[in-house]
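**Student:** Here is my input, please return the structure:
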Amino acid sequence: MGKQYAPPPTTPPVAGPSPFGPPPMAPAATNTRWNVLISTVLLAWGLFNVIAGFFQYSQLAAVLQSYYTANGIGTLSDPGLASKFGVVIVVANTVIFLVVLIGTYRMLRRGRPAAYIPLLGGLLSVILIVTCIGVVLYNDPTFMAFATKGQ
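**Tutor:** Now for the predicted structure:
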């Protein structure tokens, strides 16, 4: 006669103990109060700086001219260049803050340390601001004459 097959099981198979021990447990996503507090304070400080910088850097030509006048440097040679770089600073700082906000939120949701993200965003923002203002000042013959007259 032909081969006979066993009837299909009516209950699912039960897994026995693993020869390698129990599976490792993933660490629970927990945030310390300090992580949340420091991250929130740094984000609030960053938001304040972005808002304050909007008023300051959107008028960069006027701010630099008042600096020139107060220090007896003379007149800003190219206010158009200063205005353009002021807009660059405002837009870039806003984008940096939004990226930092999203990154910090995601790290906090995962229960991971997040305070370093606003610090890195602030460092990037400072480097951007110093570079942009440096470009404006080093392309201004009035400022370069003032800076080199003591040499």
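**Student:** So T104 sits against P118, correct?
**Tutor:** Yes: T104 is in contact with P118 according to C-beta atoms under 8 Å; the separation is 6.1 Å. Every C-beta, even on glycine, is put in place using the N, C-alpha and C of the backbone.
**Student:** Now list whatever residues contact both of these two.
**Tutor:** 39, 43 (C-beta atoms under 8 Å, 6 or more residues apart in numbering).
**Student:** Which positions within the lengthiest helix in the chain qualify as buried?
**Tutor:** In the chain, with assignment by DSSP state H, the single longest helix is helix 79-109. In terms of neighbour count (16 or more other C-beta atoms under 10 Å), helix 79-109 has its buried residues at 79, 81-83, 85-86, 88-90, 92-93, 96-97, 100-101, 104, 107-108.
**Student:** For P12, see how far away the most centrally placed residue in the chain is.
**Tutor:** Per C-alpha atoms, centre = their mean, the C-alpha nearest to the average position across the chain is that of G121, at 3.0 Å. Per C-beta to C-beta, to the nearest Å, G121 is found 51 Å from P12.
**Student:** Now do the longest helix of the chain: which elements does it pack against?
**Tutor:** In terms of contacts (3 or more C-beta pairs under 8 Å, 6 or more residues apart in numbering; DSSP states H and E), helix 79-109 is packed against helix 33-57, helix 60-70, helix 116-138.
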